[in-house]
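*Asks:* no FASTA, just this:
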């Protein structure tokens with residue numbers, strides 16, 4: 001997570017209040033904890049860091065966290081990787097008040113018992129009320145932990161993502177101005193994982209659901225076949241890295257979108273875990 005000069009982030013010790021399975025592949029976890037009244041969010045695609053315990057730990061092992069400290073990452077890296085809290089990046093689905101609660105949706109990718117599931121999906125799939133974890137989150141709405149920043153000149157919005165981006169897509173759609181045209185493509189493995197996505201925008205949502213053979217039209221091909229609105233676009237593209245690159249390439253090279261009007265983020269990379277990406281960063 002990037003920081004700015006006044007470091008508008010803080011570490012919170014939180015615990016599970018309750019969980020809810022909102023679709024077969026998505027689990028909602030509501031977190032509470034002392035001090036959460038100080039947390040802020042920009043909404044939209046606001047990112048936070050979660051720190052999960054290893055199996056056998058009742059809470060994540062973390063370095064001392066000073067309020068608004070800007071050296072949290074180096075201090076966390078200095079800990080033994082086999083012991084320190086497992087860090088993952090997630091989107092805030094909702095920040096509630098009275099009581100202060102943070103809602104995070106977890107894509108389970110086959111469930112907690114799936115051997116291919118990552119540590120976050122395994123943890124979420126078995127998390128019970130009272131389970132402890134750490135949260136690094138903003139304490140100011142103006143922070144660098146979100147990417148969806150359409151300019152006032154944008155006439156319409158294009159959004160794409162997969163299950164990993166669905167919480168962010170939901171937050172973005174809720175934030176859109178009434179009546180603005182929005183064209184949305186969402187790639188899912190299972191038809192039953194579709195969600196209601198409330199918005200005041202003039203939104204057309206296309207669900208790209210895989211068939212019995214595990215195939216679906218690629219997101220880039222689906223957009224290529226679409227008739228897009230006139231005017232100045234702004235695009236937000238997230239999900240699996242190769243898909244994100246293909247969509248961006250299509251929008252810029254084939255559709256003529258201004259490069260600066262396409263915000264793209266690889267949330268994950270096929271065949272590579274977040275731990276492997278972090279290890280590569282540490283070895284660099």
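*Replies:* Everything's here; your move. Predicted model, so just to flag it, every value in this text is computed and none were measured.

*Asks:* can you give the domain ranges for the chain?
*Replies:* As recorded under automatic domain parsing, the domains making up the chain are 9-143, 156-268.

*Asks:* can I get these in TSV with mean neighbour count, distance to residue 149 and mean pLDDT?
*Replies:* Heads up, the C-betas are built off the backbone N, CA and C, glycines and all. Converted to TSV, the domains of the chain look like this (neighbours: other CB atoms under 10 Å; distance: least, CB to CB, whole Å; pLDDT from 0 to 100):
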stretch	mean neighbour count	distance to residue 149	mean pLDDT
domain 9-143	17	8	90
domain 156-268	17	7	94
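
*Asks:* name the nearest residue to the residue in the chain sticking out farthest from the centre, ignoring sequence neighbours.
*Replies:* Most distant from the centre of the chain: residue 230, at 29.2 Å, with distances by CA atoms, centre = their mean. Leaving aside its sequence neighbours, residue 230 sits nearest to residue 155 (CB to CB, 6 or more residues apart in numbering; 7.4 Å).

*Asks:* show me what contacts that neighbour?
*Replies:* Shown in contact with residue 155 (CB atoms under 8 Å, 6 or more residues apart in numbering): 180-181, 229-233.

*Asks:* one step back: from residue 158, how far out is the residue farthest from the centre of the chain?
*Replies:* 13 Å (CB to CB, to the nearest Å).

*Asks:* do a quick rundown of the strands in the stretch 101-250 of the chain.
*Replies:* 101-107, 132-138, 156-162, 181-188, 202-209, 233-240 (DSSP state E, counting those that start in this stretch).

*Asks:* who does the second one pair up with?
*Replies:* Listed by DSSP bridges, the sheet partners of strand 132-138 and their directions read strand 9-23 (antiparallel), strand 47-52 (antiparallel).

*Asks:* now the ones you listed as TSV including distance to residue 208?
*Replies:* Output for those, formatted as TSV (distance: least, CB to CB, whole Å):
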stretch	distance to residue 208
strand 9-23	16
strand 47-52	24
